[in-house]
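[1] how does the following fold in three dimensions:
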Amino acid sequence: MRRAGRELLSLALLDSRNHLLQRLAQDESPDALRLAVRAGWYQEHWLSRHVQRSRGEACDPAGLRLAGIEPAVDGWLQPEGPLPTPETVRAYLADTLELTLDLLAAPGEAAEDDAALHFYRCSLLHEDRLGETLAQRLRPGAPAARPARPALWLPAQRWMLGSAPGGFVPHPERWAHEVAVPEFEIDAQAVDWAAYLEFASDGGYDRPEFWSEAGWNWLQRDGRRAPGQVEQMHDGVLVARGHGASAGLRRVALHQPVMHVSRHEAEAWCRWAGRRLPTEPEWELAASQGAGRGFVWGEVWEWVAGSARLWPGAGKPAPGSPDAAPAEGQGVLRGASFVTRTRWRLPKARRFAAVEDDTLFCGFRSCAL
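    A predicted model of the protein is given here:
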């Protein structure tokens, strides 16, 4: 999809919108409606209204824009603004997608080059992310339970971290640069509930020696006793599933990956287990080279060590980028989750999030000290 031309992008944009509407049918709450509106607003703002859209990253993001098809849309996006009906939102989404697809198909409008297709590719990633956010509210199921696998050992080597130019490259992956990676041992799969329950049963949430100072302060401030959405942590795990049609509680299989943990909790588990979080080069190298040896990833977004930062030469985010520059205090998540669309599942993918954030389907794996 990162090098997709007009025909494939048209199909993908239509698929993404249908997927978003399926999620919306399960959750028509005010927050869900506003999330869905953002999909149409984004396509209007960067495509149908933006007269410099064909210049791609070289455009003036504050340049001239045409009038939109819905004057009230800016108010809809405000937390306290007027709320449209679900039928109005669906009509707006249909109209904006029709405009986008007409532009993409127009002769001479979107040439088969990276500049002309930049905002269409950004729009696809943006909308797929919105669908993932709606799924986080609904919590539609969980990754499959897996039997434990032995950890993998990888030798010391040089590795090209990040992505090279060409096609559509999300800002956090810019740009590829060589790094030295010492030998290391890494879990073949993300830590599961069975292993995490041992930590909790051993007083993990009551023992400050396992927590960083910031983590312990966060734990005391929030009164945290378990990962986000967990209602019970003995004799199994009972999890609140979410909103709308997916509301309710369900027992989770102990060999499913841990989800909705903050990085503070991931680090505390690692200290308790006498291990550590992987570095970004370690995680990316193992995900790229370890598939044939049993390395499983893509079931949960995974916390890694270190603060969020851009790679050398990344510069400022391109106009329309769904990813902002990292903020102070953010951490990094690698991989994908079980609801991430297949077209965005790449070992190079990375996301920035506050270290306290547990809203994503986020977990972790560990490395030997």
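[2] quick one, strands of the chain?
    Ranges of strands within the chain are 152-154, 157-161, 177-181, 184-186, 230-233, 237-240, 249-252, 275-276, 301-304, 330-334, 350-354, 362-364, 367-368, based on DSSP state E.
[3] buried sites along the third one?
    Counting neighbours by 16 or more other Cβ atoms under 10 Å, one finds that the buried residues in strand 177-181 are Val179, Val181. (Each C-beta comes from the backbone N, C-alpha and C, glycine too.)
[4] please apply the same query to the first one.
    Of the residues in strand 152-154, those scored as buried under the neighbour-count criterion (16+ other Cβ under 10 Å) are Leu152, Leu154.
[5] what do you get for the fourth one?
    Neighbour-count burial for strand 184-186, with 16+ other Cβ under 10 Å as criterion, is recorded at Phe184, Glu185, Ile186.
[6] identify the bridge partners of the second one.
    Think Glu185. Beta-bridge partners of Glu185, counted by DSSP bridges, are Trp153.
[7] surely it is in contact with Pro150?
    No. Between Glu185 and Pro150 there is no contact, the gap being 9.8 Å when judged by Cβ atoms under 8 Å.
[8] related to what we said a few turns ago, using JSON lines, lay out the buried residues of strand 184-186 together with pLDDT.
    Converted to JSON lines, the buried residues of strand 184-186 look like this (pLDDT from 0 to 100):
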{"residue": "Phe184", "pLDDT": "98"}
{"residue": "Glu185", "pLDDT": "98"}
{"residue": "Ile186", "pLDDT": "98"}
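[9] name the nearest of those residues relative to Leu104.
    Ile186 (41.7 Å; Cβ to Cβ).
[10] look up how far Ser337 lies from the closest one.
    19 Å (Cβ to Cβ, to the nearest Å).
[11] please apply the same query to Arg250.
    18 Å.
[12] between those two, tell me which one has more neighbours.
    Using other Cβ atoms under 10 Å as the criterion, Arg250 and Ser337 rank with Ser337 on top: 22 against 13.
[13] pLDDT score for Ala110?
    Per-residue pLDDT puts Ala110 at 63.
[14] okay, now Ala67: neighbour count?
    With other Cβ under 10 Å as criterion, Ala67 counts 7.
[15] my guess is it contacts Arg49. True?
    Yes. At 7.3 Å, Ala67 counts as touching Arg49 under the criterion of Cβ under 8 Å.
[16] would you mind confirming that Ser48 makes contact with Leu66?
    Yes. Counting by Cβ under 8 Å, Ser48 touches Leu66, with 7.4 Å between them.
[17] give me the more crowded residue out of the two.
    Between Ser48 and Leu66, Ser48 has the larger neighbour count (other Cβ under 10 Å), namely 20 against 10.
[18] for that one, what are its contacts?
    Residues in contact with Ser48 (Cβ atoms under 8 Å, 6 or more residues apart in numbering) are Leu66, Gly68, Ile69, Thr96, Leu99, Thr100, Leu103.
[19] can you say which of those are buried?
    Among the contacts of Ser48, those classed as buried by neighbour count (16+ other Cβ under 10 Å) are Gly68, Thr96, Leu99, Thr100, Leu103.
[20] ok, which pair from those residues is furthest apart?
    Farthest pair in the buried ones among the contacts of Ser48, by Cβ to Cβ: Gly68 and Leu103, 14.2 Å.
[21] what's the closest of the buried residues of strand 184-186 to Thr342?
    Looking across those and measuring by Cβ to Cβ, the closest to Thr342 is Ile186, at 23.9 Å.
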